[in-house]
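> Next input, structure requested:
(chains A, B and C)
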Amino acid sequence: MRFYPYDFQYKVKEGKVYVYLYSKDEEGKKICVVQEHPPFFYAAVKGIKAEELAKQLSGLSVEDKQSSQPAKVLRWEEAEKELIGKNEAFWKIYVNYPKAVPLIAKELQERGLVTYEKDILFIHRYLRDIGIVPMTLCEAEGELITSSRFNIKIPVFMAQEIKQVSDKTTNWDILALDIETYAKNKEINPQINPILMIAFYGIKEGKKFKKVLTWKEFKNGVDYLEVVKDEKELLERTKEVIAEFSPDILTGYFSDGFDLPYIKTRAEKLGVRLTLGLDNSELETRNKVSFRDGEAKITGIMHLDVLKFIKNIFWGNLKTDTYTLDAVAGELLGYKKHDVDLNKLAEYWDNGDDELETFVEYNLQDSRLTYQLFVKLMPSIYEFTTLVGLPAYDVIRMRFSRLVESYILRRAMEFNVIAPNKPGGTEMEQRMQESVQGAFVFEPEPGLYQDVVIFDFRSLYPTIITAHNLGPEALQCKCCQGKTNVPGKEEYWFCEKKKFLPGVLEDLIIRRTDLKKEIKNLKGAGKDTKFEEARSYTLKILANSFYGYLGFFGARWYCLECAASTTAYARDYIKKTIAKAEERGFKVIYADTDSCFLLLGDKKLEEALHFMDEVNIKLPGQMELEYEGYFKRGIFVALKGSEKGAKKKYALIDKEGKMKITGFEVVRRNWSSLAKEVQEKVLRLVLEGQEDKVLDYVRKIVKELQAGKVEMKKLVIRTQITRELSQYKSIGPHVLVARRMVERGDVVVPGLVVEYVITKGKGLVRERAKLVEEAKEYDANYYINNQILPAVSSIMAVLGYSEEELASDEKQTGLGSFFG
DNA sequence: TACGGGCGGGG
DNA sequence: GTGTACGCCCGTA
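Numbers count the residues shown, from 1 in each chain, chains lettered A, B, ... in the order given. This next block holds a predicted model:
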């Protein structure tokens, strides 16, 4: 029997532990493969008499209040395993059910034994034990069960043996869901307010599926709308729609924290049992620490919340820093949510207004966006799942530390390595106090530069860790003492024999290097490389996470010495690169962590590339200095009120006129769009060699401001209300504006973004802050001195206009009178 | 500059 | 569910 398992659970039946693998078979039908698997953990037995230990273990049982039976030791066997580089003796201790593991382990711990691997999820342990990878092709030997012994909606196959066949996968049926709720005055409360609509969007067997359910009649021309009697029926239909579509993957946007918990709460209130699970279990929601950590699980269906994956894993690929569906869809898909006024929904609902049709379309659009986002992210989700080898449900809900650790745990099985224990409370507190010295950043000299060439080390930290074997097993070994010490950290040295952790990392790097070649070939042959590219990205960020993992306080393989040595080597390499460049006659103007900026001067690009080759010949392992690019011009500015060059703040322009801007505040939200526009334009003029035009340009803007010709909307400043208005101790402009909004009857709740303009008149700035529609005349001087000047002064200082010149002249008018 | 509190996503 | 674990930004002291 061949199948693709995708969701997993275990059950204890008649004293035996069974794993249920919800799977698709090769025809695309669902099947549940069941296999027995024993729970176990390890105990270190070095220096303990075997008979003594056997006496302790035999017949050991611990009372379990949660269970009808006590936790029991069933049997044990000897096992030699490697712990932090040393082979040691352990006993593998089998118990009667998964939850017995921590109970028995705790008991033994209290009796003075040291126990290991007692806090690994049983399903995770199982997948690693038998060496299968979710969502890929497996094979089982066994038989179909015909009896109804199992209360399962799909056929059950009892397996004696299961093994991995290949990394082939299959098609997955995906259904996206989105709800709209009654929310008068933005009140989002499932205890009070009903669900008004539910939208579904999916594709099954090549056919588009779209549906919106609602329980109000109104005139409409929407063919995918289904009107039911009431909210209760809406929930019943929801259950049916999902069951009929029978998705492998159910997706939503914040559905872990909003849609599914909301549905669950309403269902409970209305007495609807949401038995969506393939084992007839109900939709399960739980809140962890807070609402934001909630999860929603359905047995036999992968519920994958797009937002979870983005916030945990994919954020590094996005420019946006707000993860609203609108922003994320806009960036990844290029189109957005429908523009409706959500505050009107409740009102229309109460009146049964025909306008409700626009909300039906809005609702469907959200589910469509969610579906399309999911499809777009699917290659990445799939690659993380198969690389880490755990269920997709778990993987998308992990942060990098746990992804890395899960990956290492799987590899540990292959190398007979036992996992070190997680730190306890005090150990962790101590670790949280510790930190390591970071990267080297070269202090640039403020100025304008020409012919800038940038080199950078490809995956610097991972390649340092593998090239120098920076793993906990290799730290300060006896055999290599006195050979090579870490530069600048002479108290550390690392064994020259390749060890487990750096080896695991090296595999990731090599796999990626090979994959990149393959991608090149595939592309050359005109093939689609979506999944290969997702895999390459996955390998890269997992490798990049190892450094952080080594210094992460909760890590099993924590090694602060390794993390400190990684940055120490990095500082050494970049400084040596700088020295070498200078030796070859290049002026180095900047460097940060793994990059080095130099000036060509009177040399050719070929000579710079030759310098790079010279560096590369001497680099160990996978380390490599790469050519990042050539830039016509670049500008580095000074720190405010200082001669010193600002780090991580510069702008460059390439031959095609494309600007690379780093660190300039153009993106900050509480700046007017005018300030952003002026800053960007000034940078462009400077970098395009038209610095003589800068003064005229800024003058022009200043004049326009003074003449009152600038559009109001370019002067709008946005600030968020973050608490109840009465709670503010310091009254900023936005608070006063919000108070007036309340007076005129607007709903002001925390989260509202107030948009205001500073106007002419007497008094404090905050007293002159007005809503756009209230504002008659903006305060030109405010915008000149508080928006334009700060945005351009550091850039103009490089051109020789001093801060005093710009600002001092006359205090009241400042820049205005200077430029005037 | 150090610390504590609140936010995020969703309607 | 054999699982403890949020991290960043803002405002205030």
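
> all helices of the stretch 151-300 of chain A, in order?
Applying DSSP state H, counting those that start in this stretch to the stretch 151-300 of chain A gives helices spanning A:231-245, A:260-270.

> Apologies, that question was intended for the stretch 351-500 of chain A.
Counting by DSSP H, counting those that start in this stretch, the helices of the stretch 351-500 of chain A are A:356-388, A:392-395, A:400-414, A:425-433, A:460-467, A:500-524.

> sorry, back to before: of all the helices of the stretch 151-300 of chain A, which lies closest to DNA strand C?
Proximity to DNA strand C (Cβ to the nearest atom of the strand) singles out helix A:260-270 among the helices of the stretch 151-300 of chain A, at 14.4 Å. To be clear about C-beta, it is placed using only N, CA and C from the backbone, and glycine gets the same treatment.

> Which elements pack onto the closest one?
strand A:174-181, strand A:195-204, helix A:231-245, strand A:284-286, strand A:295-297 (3 or more Cβ pairs under 8 Å, 6 or more residues apart in numbering; DSSP states H and E).

> how about those, which one is nearest DNA strand B?
For DNA strand B, the closest of these is strand A:174-181, at 3.2 Å, according to Cβ to the nearest atom of the strand.

> For whichever residue of the stretch 51-200 of chain A sits closest to DNA strand C, which residues are in contact?
Residue nearest to DNA strand C within the stretch 51-200 of chain A (Cβ to the nearest atom of the strand): residue A:122, separated by 2.0 Å. Listed by Cβ atoms under 8 Å, 6 or more residues apart in numbering, the contact partners of residue A:122 are A:10, A:17, A:39, A:98, A:101.

> Need these in a markdown table (columns: distance to residue A:285 and neighbour count).
Shown next, in a markdown table, are these (distance: Cβ to Cβ, whole Å; neighbours: other Cβ atoms under 10 Å):
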| residue | distance to residue A:285 | neighbour count |
| --- | --- | --- |
| A:10 | 20 | 20 |
| A:17 | 26 | 20 |
| A:39 | 27 | 23 |
| A:98 | 22 | 19 |
| A:101 | 26 | 24 |
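
> now those as a markdown table including secondary structure and pLDDT?
Conversion of these to a markdown table gives the following (DSSP: H, G, I helix; E, B strand; the rest coil; pLDDT from 0 to 100):
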| residue | secondary structure | pLDDT |
| --- | --- | --- |
| A:10 | strand | 95 |
| A:17 | strand | 95 |
| A:39 | coil | 96 |
| A:98 | coil | 94 |
| A:101 | helix | 95 |
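
> Please list which of those residues also come close to DNA strand C.
When Cβ under 7 Å from any atom of the strand is applied, the members of the contacts of residue A:122 adjacent to DNA strand C are A:10, A:39, A:98, A:101.

> Pull the most distant pair out of those.
Farthest apart among those by Cβ to Cβ are A:10 and A:101. That separation is 12.2 Å.

> Leaving out sequence neighbours, find the closest residue to residue A:153.
Once flanking residues are discounted, residue A:153 sits nearest to residue A:278: 4.9 Å by Cβ to Cβ, 6 or more residues apart in numbering.

> How many residues are close by that neighbour?
The burial count assigned to residue A:278 is 21, neighbours taken as other Cβ atoms under 10 Å.

> backbone phi and psi for it, please?
Residue A:278 adopts backbone torsions of phi -70, psi -10, taken as degrees, to the nearest 10.

> mind checking how far it is from residue A:263?
18 Å (Cβ to Cβ, to the nearest Å).

> Just want to check the distance between residue A:529 and residue A:523.
Note on residue A:529: its distance to residue A:523, by Cβ to Cβ, is 6 Å.

> List of residues touching stretch A:502-511?
The contact list for stretch A:502-511 (Cβ under 8 Å, 6+ apart) reads A:407-408, A:411, A:415, A:459, A:462-463, A:465-466, A:469-471, A:474, A:498, A:539, A:542-543, A:546, A:621-622.

> is it true that the residue nearest to residue A:153 touches residue A:22?
Yes: Residue A:278 lies in contact with residue A:22 (Cβ atoms under 8 Å); the separation is 6.0 Å.

> So for these two, which residues contact both of them?
A:30, A:32, A:154, A:299-300.

> Okay, domains of chain A per the record?
A:2-164, A:174-388, A:441-650, A:667-807 (automatic domain parsing).
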